[in-house]
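In: here is a sequence together with a model predicted from it:
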Amino acid sequence: MASLPNRMLTVVIAAAAALALVLALGATAAPASKHHAPGTHKRPLDGVFERHVSKKNKKWAKRVAACESGGNPNAIGSGGTYRGAFQFMRSTWKTSPRSPGGDPIDYSYKTQAFVAVRLKMRSGSSPWPSCG
């Protein structure tokens with residue numbers, strides 16, 4: 001009977017270690033000060049994305065975001081150079097059509113996707129050479 005509690009303790013310790021690892025790996029995706037809980041991003045272009053972006057472009061956006069960041073609007077890559085679901089450089093984000101400015105990770109996926117689709121319409125898929 002004494003071995004059952006020991007097994008349970010081992011399982012609890014293993015689960016806690018796995019959770020700690022997941023949390024530690026997740027922390028590398030975005031600095032704690034810039035991490036947004038679901039639903040807390042700025043959403044100025046979400047409605048426009050829903051109403052005015054074609055199904056084809058929505059599929060394109062989903063595919064590119066998945067390739068670039070796993071679809072994570074908080075993703076930060078290459079030491080902070082590339083940001084958001086579409087891994088925008090800040091300079092590209094700032095000069096993209098309909099960009100609200102600031103930092104892409106402050107905005108929802110749909111707002112980032114709308115800006116990405118508009119940039120694709122202007123420049124083609126060249127901003128995403130591996131995924132576009």
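Out: Structure received.

In: just the strands in this structure please.
Out: 76-77, 82-83, 88-89 (DSSP state E).

In: and the ones you listed as CSV, adding mean pLDDT and mean neighbour count?
Out: Bear in mind the C-beta positions are built from the backbone N, C-alpha and C, glycine included. Below are the strands of the chain laid out as CSV (pLDDT from 0 to 100; neighbours: other Cβ atoms under 10 Å):
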stretch, mean pLDDT, mean neighbour count
strand 76-77, 94, 17
strand 82-83, 97, 22
strand 88-89, 96, 20
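
In: any chance of TSV for these, columns distance to residue 123?
Out: Output for the strands of the chain, formatted as TSV (distance: least, Cβ to Cβ, whole Å):
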stretch	distance to residue 123
strand 76-77	20
strand 82-83	16
strand 88-89	12
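
In: those strands: which one's closest to residue 41?
Out: Set against residue 41 and scored by Cβ to Cβ, the strands of the chain come closest in strand 82-83, at 12.8 Å.

In: direction included, what does that closest one pair up with?
Out: Strand pairing for strand 82-83, using DSSP bridges, gives strand 76-77 (antiparallel), strand 88-89 (antiparallel).

In: give me the domain ranges for this structure.
Out: Domain segmentation of the chain under automatic domain parsing yields 1-30, 31-123.

In: nearest to residue 62 among the strands paired with strand 82-83 would be which one?
Out: strand 88-89 (16.3 Å).

In: which residues touch that closest one?
Out: Residues from elsewhere that reach strand 88-89, judged by Cβ atoms under 8 Å, 6 or more residues apart in numbering: 81-83, 96, 104, 112, 115-116, 127.

In: most surrounded residue in these?
Out: Neighbour counts for those, by other Cβ atoms under 10 Å, peak at residue 116, which reaches 32 neighbours.

In: not counting its neighbours along the chain, what's nearest it?
Out: Spatial nearest neighbour of residue 116, chain neighbours left out: residue 86 (4.5 Å); criterion: Cβ to Cβ, 6 or more residues apart in numbering.

In: quick one, what contacts that neighbour?
Out: Neighbour list for residue 86: 61, 64-65, 68-69, 104, 112-113, 115-116, 128 [criterion: Cβ under 8 Å, 6+ apart].
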